[in-house]
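1. This is a predicted model, with the sequence first.
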Amino acid sequence: MYKGTNYRSSKRRREVFLKKICIAFALAAVIMTGSIIGGSRLVSAHERSSADTVEYRYYKSVEVKSGDSLWTIAKKYMNDDYDSVYDYIDDLKEINHLSSDRIHAGQYLTVSYYDTEIR
């Protein structure tokens with residue numbers, strides 16, 4: 001009698017455990033389905049807002065005029081992608097292989113600029 005009671009209680013525990021697993025999987029499936037359906041209504045890859053305007057990076061050569069500095073050139077061509085004028089100046093120096101901030105009139109520099117049009 002003792003042996004049969006132990007067998008029935010372990011069988012019952014197994015059945016309860018399997019039911020709990022089935023319920024957990026069913027609940028997970030419902031949550032995933034809801035998030036997929038609900039999420040697809042929130043975000044669309046085909047819709048763009050004005051904040052999602054794409055800017056393309058271009059390069060051009062500019063002649064350094066008398067009185068120009070890397071600072072004035074940076075202020076003219078940089079956009080909001082740079083944290084500061086110093087970041088753009090570092091970019092200018094790297095593009096043009098400059099080891100110092102010194103530039104002179106008549107020199108040509110390659111500058112990067114951004115535009116929303118594809119060229």
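-> Arrived safely, thanks for sending. A quick note: this is a predicted structure, and the numbers were derived from the prediction, not measured.
2. helices and strands of the chain: which one bottoms out on pLDDT?
-> helix 2-42 (a mean of 80; mean pLDDT, DSSP states H and E).
3. who touches the helix or strand following it?
-> Next in sequence after helix 2-42, counting helices and strands by DSSP states H and E, comes strand 56-63. By C-beta atoms under 8 Å, 6 or more residues apart in numbering, the residues outside strand 56-63 that reach it are 73, 95, 106-119. Heads up, the C-betas are built off the backbone N, CA and C, glycines and all.
4. residues of strand 56-63 that come out buried?
-> Of all the residues in strand 56-63, not one is buried under the rule 16 or more other C-beta atoms under 10 Å.
5. strand partners of it, parallel vs antiparallel please.
-> strand 108-115 (antiparallel) (DSSP bridges).
6. What mean pLDDT does the strand it pairs with get?
-> Averaged across strand 108-115, pLDDT comes to 92.
7. cool, and stretch 83-94?
-> In the prediction, stretch 83-94 has an average pLDDT of 94.
8. Might you report the residue contacts of the spatially most central residue of the chain?
-> In the chain, the centroid-proximal residue (C-alpha atoms, centre = their mean) is D52; its distance is 12.0 Å. By C-beta under 8 Å, 6+ apart, the contact list for D52 is empty.
9. How much space separates it from Y114?
-> Computed with C-beta to C-beta, to the nearest Å, the distance linking D52 and Y114 is 15 Å.
10. K93 too?
-> Taken as C-beta to C-beta, the span from K93 to Y114 is 19 Å.
11. cool, A28 as well?
-> Distance from A28 to Y114, by C-beta to C-beta: 45 Å.
12. A105 too?
-> 26 Å.
13. just K75 next, same as before
-> Distance from K75 to Y114, by C-beta to C-beta: 14 Å.
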